[in-house]
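> Sequence below, structure please.
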Amino acid sequence: MKNTKTGYTTLHAQSAGKIKLPPIEAWPNQYRRDYTIKIVHPEFTSVCPKTGLPDFGNIVIEYVPDKLCLELKSIKYYFLQYRNLGIFMENSVNRILDDVVKAIRPKTCAVTGEFTARGGIRSVITAFYPYSKKQ
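You can find the predicted model right below:
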């Protein structure tokens, strides 16, 4: 399906899942009880594929680990790969969630992206795991 106003197709929107990014590493969780880990990255940057302008934001990953926990150094390098990447904000948040779930299979996880305003409009996107039934 093509949007006649922007020239973008469904393939453009789906391309985020095909981008090669470095793997996210993990380490064994030492506790069996439930607890929450919150990782905050206040300097997330990517590029809007439509305008070519940078998107700046704050990414928060909040999860309840199962057997594995996210290794922070690998997350840092993972986020750096987005710096020059043309990807919509919504796609970046959902891609981060998919990659975190793939890496550690948490009990629950939410990824929130709070992006700086453009044209007076600020976007906040949150994606959740477990995924909703419609996916």
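> show me where pLDDT drops low in the protein?
For the chain, the stretches with pLDDT under 70 are 1-17, 133-135.
> how about the helices in it?
Residue ranges of the helices in the chain, as given by DSSP state H, are 10-14, 72-80, 89-104.
> tell me the contacts of L97?
Residues in contact with L97 (C-beta atoms under 8 Å, 6 or more residues apart in numbering) are 109-111, 127-129. No exception for glycine: its C-beta is placed from N, CA and C like everyone else's.
> ok, now how distant is it from G120?
The gap separating L97 from G120 is 28 Å, by C-beta to C-beta, to the nearest Å.
> returning to that earlier point: among the contacts of L97, name the ones in strands.
Counting by DSSP state E, those place 109-111, 127-129 in strands.
> And the buried ones among those residues, selectable in ChimeraX?
The buried residues among the ones in strands among the contacts of L97 can be selected in ChimeraX (16 or more other C-beta atoms under 10 Å) with this line:
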select :109,110,111,127,129
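> Can I get the ones in strands among the contacts of L97 in JSON lines including distance to K38?
Formatted as JSON lines, the ones in strands among the contacts of L97 follow (distance: C-beta to C-beta, whole Å):
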{"residue": "C109", "distance to K38": "11"}
{"residue": "A110", "distance to K38": "10"}
{"residue": "V111", "distance to K38": "11"}
{"residue": "A127", "distance to K38": "15"}
{"residue": "F128", "distance to K38": "15"}
{"residue": "Y129", "distance to K38": "15"}
